[in-house]
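Novice: sequence unknown, structure follows:
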């Protein structure tokens with residue numbers, strides 16, 4: 001009893017010391033992220049009761065409202081492994097982590113929520129620290145605010161890959177900026193194993209290398225660590241070879257199941273314009289909204305080359321080319337979410353109170369609209 005009494009205060013001190021070491025600016029953005037998560041889950045349950053006249057019984061049932069569309073495929077891969085079909089478009093890191101945490105939680109869906117929650121905490125902390133290399137604390141906070149309330153930011157909160165992927169991307173960017181290239185390469189490889197556009201980090205970080213070379217006028221061997229990024233992507237290709245019989249089996253899968261294949265950007269844009277002739281719901285969700293976010297990202301990509309660091313401009317540009325260069329543009333509002341330089345531009349524009357209020361109002365209104373649709377089982381990107 002005496003020994004336990006002596007250890008307990010020391011344990012409390014160590015626990016409190018850990019929290020004191022975390023800057024209060026980090027706790028602020030973490031609080032925003034967790035507060036919005038709670039509000040989102042409450043919103044989903046209330047929406048189902050109001051619009052569908054259905055009761056939501058218990059916490060787990062309210063969480064299950066967000067287990068829809070792509071998250072079902074992630075959980076299937078986590079539980080049973082890869083099979084031919086839609087599974088081949090799923091990259092492995094997120095399902096692997098879900099499987100690992102499912103051993104602890106006893107529930108794959110809860111495991112997915114745990115992974116996305118921890119990842120989101122990492123996202124807001126890494127984003128804040130990355131931005132404070134170039135901007136004030138206020139600009140960093142505004143950028144995180146706009147990220148968290150973006151119209152499709154609910155994907156950061158649920159069992160999707162967005163938060164994990166963005167954590168790896170921002171971590172790689174921060175590591176590169178802090179001259180820790182082995183870590184940048186490792187996180188970039190993990191990003192390439194999480195989402196297809198993770199491979200874009202290879203040329204993007206090469207842009208950062210070029211900038212550092214022109215400033216310092218000296219070659220540095222640690223830059224070669226970015227070669228790990230294609231190695232990470234090759235893991236996904238080998239899964240395709242093993243399961244689908246071809247390194248690029250996912251291309252045919254996307255064509256057959258999702259009616260999408262590589263094409264010039266104007267092909268998909270013209271198709272989205274034609275979709276405006278569909279019935280009102282489809283005209284808005286697979287026509288107008290896709291066009292709006294393609295246009296938003298395109299404009300921000302151009303402005304970013306004028307206002308932001310080249311590595312950020314390269315990231316948003318390559319991502320835009322990736323999701324716009326499809327015969328059928330699908331989920332552009334969700335893919336825009338990981339184009340984080342947009343939120344830096346919003347934060348700079350938000351220095352003006354008029355624009356801060358207008359962007360916030362637009363974001364919150366459409367965040368609520370799209371989140372309600374998703375929770376009720378409708379397609380919302």
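Specialist: Thanks, I have it. Remember, it's a predicted structure, so these values are computed and weren't measured experimentally.
Novice: give me every residue that touches residue 343.
Specialist: Shown in contact with residue 343 (C-beta atoms under 8 Å, 6 or more residues apart in numbering): 143-144, 146-147, 150. Bear in mind the C-beta positions are built from the backbone N, C-alpha and C, glycine included.
Novice: and the residues you listed, which is closest to residue 250?
Specialist: Of all the contacts of residue 343, residue 150 has the smallest distance to residue 250: 27.2 Å, by C-beta to C-beta.
Novice: pLDDT at that closest one, what is it?
Specialist: On the pLDDT scale, residue 150 is placed at 98.
Novice: part of a helix, is it?
Specialist: No. Counting by DSSP: H, G, I helix; E, B strand; the rest coil, residue 150 is not part of a helix but coil.
Novice: and it, its phi and psi?
Specialist: Here is the backbone geometry of residue 150 (degrees, to the nearest 10): phi -50, psi 150.
Novice: still on that earlier bit, want to try TSV for the contacts of residue 343, with neighbour count and distance to residue 38 as columns?
Specialist: Output for the contacts of residue 343, formatted as TSV (neighbours: other C-beta atoms under 10 Å; distance: C-beta to C-beta, whole Å):
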residue	neighbour count	distance to residue 38
143	26	22
144	25	17
146	23	20
147	26	18
150	23	18
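Novice: so which elements touch the host helix or strand of residue 146?
Specialist: For residue 146, the enclosing helix or strand under DSSP states H and E is helix 137-148. The contact analysis (3 or more C-beta pairs under 8 Å, 6 or more residues apart in numbering; DSSP states H and E) places helix 137-148 against helix 24-52, helix 108-131, helix 341-349, helix 353-375.
Novice: dump these to CSV, plus mean pLDDT.
Specialist: Listed next are those as CSV, based on pLDDT from 0 to 100:
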stretch, mean pLDDT
helix 24-52, 97
helix 108-131, 97
helix 341-349, 98
helix 353-375, 98
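Novice: got those as a markdown table, with distance to residue 85 columns?
Specialist: As requested, the helices and strands packed on helix 137-148 are exported to a markdown table (distance: least, C-beta to C-beta, whole Å):
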| stretch | distance to residue 85 |
| --- | --- |
| helix 24-52 | 29 |
| helix 108-131 | 19 |
| helix 341-349 | 33 |
| helix 353-375 | 23 |
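Novice: for the ones you listed, which one sits closest to residue 256?
Specialist: Across the helices and strands packed on helix 137-148, closest to residue 256 is helix 353-375 (C-beta to C-beta), at 25.1 Å.
Novice: wait, residue 194 touches residue 166, no?
Specialist: No. Between residue 194 and residue 166 there is no contact under C-beta atoms under 8 Å: 9.5 Å.
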